[in-house]
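S.K.: sequence and predicted model, in that order:
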Amino acid sequence: MSDLPARRLLLVHAHPDDESINNGATMARYAAEGALVTLVTCTLGEEGEVIPPDLAHLAPDREDRLGPHRVGELAAAMTELGVTDHRFLGGPGRFRDSGMMGAEQNKRPGAFWSTDVDTAAPHLVEVIRETRPQVLITYDPDGGYGHPDHIQAHRVATRAAELAADASYRPDLGPAHTIAKIYWNRVPRPVAEAAFARLHAEGSAFPAVAAIDDVPGVVDEDRITAEIAADPAYTARKTAAMAAHATQVAVDGPFFALSNDLGQPIFTTEYYELVHGTSGAPEGERETDLFAGVTE
Ligand SMILES: CC(=O)N[C@H]1[C@@H](O[C@@H]2[C@H](O)[C@H](O)[C@@H](O)[C@H](O)[C@H]2O)O[C@H](CO)[C@@H](O)[C@@H]1O
Ligand SMILES: [Zn+2]
């Protein structure tokens, strides 16, 4: 335990690309500052669509080799962010991408969505008890935008944090560890509205614009408790990491689109809601460091 860096952050995400879209700048900052940044991705994103026509053959309804390809995209994105500890929950391919809500793939054996939370959680308990993070970042209960794998990632992350702290639970998985602070990914609605107004005003390479409610985690301003301020160096790393996920993300300057080709802004400041633990900021102020107030 003493060999671990002083500051340790764990992020739990559903698919390769979510980490860069939601937290790329945060991950780049803390990696640059010497914190241990551990990313656990729950699926390989096997059921995704494919943007580049020359890679269309990888699609799940063709060669079904998108998952392994996205493993490579994720590794490239981590290199851009300076993150060296990234893992797949239970090992690569243990839980499969479930497709969008209501898709037939939701019920496929091995799909993350159809997996019992207490089957998946121990795999994350093991990581928590090994890396002993003070801070955990995951999605809100709706997974940010209702994708089944995002909802399940929230449930598994929340359950694993609870179980990891219980010394009577699976001592074979390591000594108990209590995560001090848990945050959900958020975007304040006024920030989203201003960013979309810029996109509408400036235009982009994309034929149409997404709706604000397509952005995961948009909430009223008063729910935001922390923000990691935009830094040009980390914005550049975030944008490059997003572009590394080339089957899923197309980047055009300060904007991007997923395979639906609907433009949306790249958020350079990243926002969070503290849902477990104590804020390290003065009353009524936002934290600017997720480790603020952490004492061990
Ligand atoms: C950002 C994210 O969570 N992407 C998921 C999502 O992908 C979307 C899906 O393919 C949808 O049908 C498209 O219209 C949209 O453009 C995509 O972003 O769901 C995929 C399947 O579960 C998943 O692989 C992808 O990572
Ligand atoms: Zn996702």
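M.R.: Looks like it came in fine. As the structure is a computational prediction, the values presented were derived from the model and not from experiment. Ligands and ions are numbered 1, 2, ... in the order given.
S.K.: contact residues of the stretch 151-296 of the chain facing ligand 1?
M.R.: 248, 258-260 (Cβ under 6 Å from any ligand atom). Using the backbone N, CA and C atoms, a C-beta is placed for each residue, glycine as well.
S.K.: ok, 5 Å please
M.R.: When proximity is defined as Cβ under 5 Å from any ligand atom, the stretch 151-296 of the chain approaches ligand 1 at 258-260.
S.K.: quick one: which of those residues is most hemmed in?
M.R.: Highest neighbour count within those: Leu258, with 19 neighbours (other Cβ atoms under 10 Å).
S.K.: quick one, helices of the protein?
M.R.: Using DSSP state H, the helices found in the chain span residues 18-32, 66-81, 117-131, 148-164, 189-202, 232-244.
S.K.: can you list the ones you listed in a markdown table and add distance to Glu296 and mean pLDDT?
M.R.: Listed next are the helices of the chain as a markdown table, based on distance: least, Cβ to Cβ, whole Å; pLDDT from 0 to 100:
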| stretch | distance to Glu296 | mean pLDDT |
| --- | --- | --- |
| helix 18-32 | 17 | 98 |
| helix 66-81 | 26 | 98 |
| helix 117-131 | 14 | 98 |
| helix 148-164 | 15 | 98 |
| helix 189-202 | 33 | 98 |
| helix 232-244 | 26 | 98 |
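S.K.: nearest to Ala292, of those?
M.R.: Closest of the helices of the chain to Ala292 is helix 18-32, at 12.7 Å (criterion: Cβ to Cβ).
S.K.: list the contacts of the closest one.
M.R.: Helix 18-32 is contacted from outside by 7, 9, 11, 13, 37, 39, 41, 74, 77, 80-84, 137, 144, 150, 185, 216-217, 228, 230-231, 233-235, 237-239, 241-242, 244-245, 249, 256, 268-270, 290, using Cβ atoms under 8 Å, 6 or more residues apart in numbering.
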